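S.K.: sequence plus the predicted model coming up.
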Amino acid sequence: MVARIGIGGCPHSLGGVRVPELPEVETVKRGLSRHLLANRVISVECRRDGLRFPFPKDMAASIEGRNIKELERRAKYLLIHLEGELTWICHLGMSGRFTIHEDGQPPQGMFEKGGDGRGKHDHVVFEMEDGCYVVYTDHRRFGVMDIAVTGKVSEHKLLRNIGPEPLSESFDGSFLRKVLEKRNSPIKTALLDQRVVAGLGNIYVCEALHISGISPKRKASRISLQRYVDLVAAVKEVLFASIEVGGSTLQDFAGVDGDLGYFPASFRVYGREGEDCIVEDCRGIIARFEQSGRSTFHCPVCQR
């Protein structure tokens with residue numbers, strides 16, 4: 001049995017492969033947990049010196065022989081907590097994915113695009129105690145792997161400046177209002193700042209702003225507390241919905257390919273330029289414009 005768990009191609013990349021968003025990374029984490037949790041890493045083979053950044057020189061030796069105690073997601077990073085107080089930090093970049101081979105045999109020539117352990121983009125291969133092999137494939141090599149002391153992982157240079165998780169209790173309307181009350185940047189731009197909130201990406205910001213009826217052009221400092229309360233509720237609604245859809249694709253790993261966690265049929269505005277707004281009694285047409293280098297989709301009638 002083979003499970004391909006990752007990002008791969010994106011049906012809504014709008015001209016290119018995009019960075020995975022929080023629900024997609026959460027889906028990958030849940031999929032990996034089924035195979036790796038409480039399993040021991042027997043061997044690690046690094047096929048190159050690094051991805052976006054060099055691997056730590058002792059990465060393979062640090063991981064080998066350790067049980068995997070827990071898998072966690074922090075923003076868009078996967079944190080694989082190992083026994084002995086070490087954490088393996090992974091980021092999928094734009095095209096990273098894990099392929100799991102469960103038949104107890106070394107992977108051989110199953111995928112034309114890699115994942116069989118022999119492709120030129122198969123950069124890390126590790127064997128687990130239960131006999132499965134895991135291949136990390138990354139065509140663009142924008143992924144990241146590093147090792148940190150578990151108790152100090154929040155201080156790691158990649159994680160230390162990240163804001164609260166959007167699904168946590170600490171992320172509420174009062175918090176968001178306090179953080180943004182003096183910002184004159186558009187609310188869409190402010191929400192994409194990882195120092196404000198962790199892992200919130202372009203698609204789901206567009207969706208949440210539409211649900212809450214807030215224009216992506218409105219200055220963050222010009223939004224009332226009640227509208228921030230509504231916005232936070234919308235953020236959590238759209239993330240939970242996407243995670244639920246992504247989770248449902250993991251029930252049968254035999255059929256999993258690279259396109260996990262997307263729910264295009266449920267998009268309210270994203271990718272719907274020129275179509276009717278779905279809000280009842282709204283006669284608006286979904287528009288798209290560039291904002292801080294990103295495509296912003298919104299309804300110019302009901303979002304104010």
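M.R.: Sure thing, it's come through.

S.K.: contacting residues for E64?
M.R.: Going by Cβ atoms under 8 Å, 6 or more residues apart in numbering, E64 touches 41-44. Yep, even glycine has a C-beta here, placed from its N, CA and C like the rest.

S.K.: ok, 6 Å please
M.R.: Listed by Cβ atoms under 6 Å, 6 or more residues apart in numbering, the contact set of E64 reads 41, 43-44.

S.K.: kindly report the same for K69.
M.R.: 81, 83.

S.K.: that one falls within a strand, correct?
M.R.: Yes - assessed with DSSP: H, G, I helix; E, B strand; the rest coil, K69 lies in a strand.

S.K.: dihedrals phi and psi, F175?
M.R.: Dihedral pair for F175: phi -60, psi -50, per degrees, to the nearest 10.

S.K.: now it, nearest residue through space, not along the chain?
M.R.: P164 (7.2 Å; Cβ to Cβ, 6 or more residues apart in numbering).

S.K.: let me know the helix or strand that the one you found is in.
M.R.: Counting by DSSP states H and E, no helix or strand carries P164.

S.K.: let me see the domain layout of this structure.
M.R.: 2-155, 173-244+262-298 (automatic domain parsing).

S.K.: just so I know, which of the ones you listed lies nearest R304?
M.R.: domain 173-244+262-298 (5.4 Å; Cβ to Cβ).

S.K.: the closest one: how far from the chain's middle?
M.R.: Relative to the chain's own centre, domain 173-244+262-298 is displaced by 17 Å; criterion: Cα atoms, centre = their mean, to the nearest Å.

S.K.: immediately after the helix or strand of the chain with the lowest mean pLDDT, which helix or strand?
M.R.: In the chain, no helix or strand scores lower on mean pLDDT, DSSP states H and E than strand 2-6, which sits at a mean of 56. Proceeding N to C from strand 2-6, the next assigned helix or strand is helix 22-36, under DSSP H and E.

S.K.: keeping just the C-alphas, turn that following helix into PDB.
M.R.: What follows is helix 22-36, C-alpha atoms only, in PDB (Å, rounded to 0.1, in the frame of the first residue of the first chain):
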ATOM      1  CA  LEU A  22      -2.800  25.900   7.200                       C
ATOM      2  CA  PRO A  23      -5.700  23.300   6.500                       C
ATOM      3  CA  GLU A  24      -3.600  21.500   4.000                       C
ATOM      4  CA  VAL A  25      -0.600  21.200   6.400                       C
ATOM      5  CA  GLU A  26      -3.000  20.100   9.100                       C
ATOM      6  CA  THR A  27      -4.300  17.400   6.800                       C
ATOM      7  CA  VAL A  28      -0.700  16.200   6.000                       C
ATOM      8  CA  LYS A  29       0.000  16.100   9.800                       C
ATOM      9  CA  ARG A  30      -3.000  14.000  10.500                       C
ATOM     10  CA  GLY A  31      -2.100  11.600   7.600                       C
ATOM     11  CA  LEU A  32       1.500  11.200   8.800                       C
ATOM     12  CA  SER A  33       0.400  10.700  12.400                       C
ATOM     13  CA  ARG A  34      -1.500   7.500  11.300                       C
ATOM     14  CA  HIS A  35       1.800   6.000  10.100                       C
ATOM     15  CA  LEU A  36       4.500   7.500  12.200                       C
END
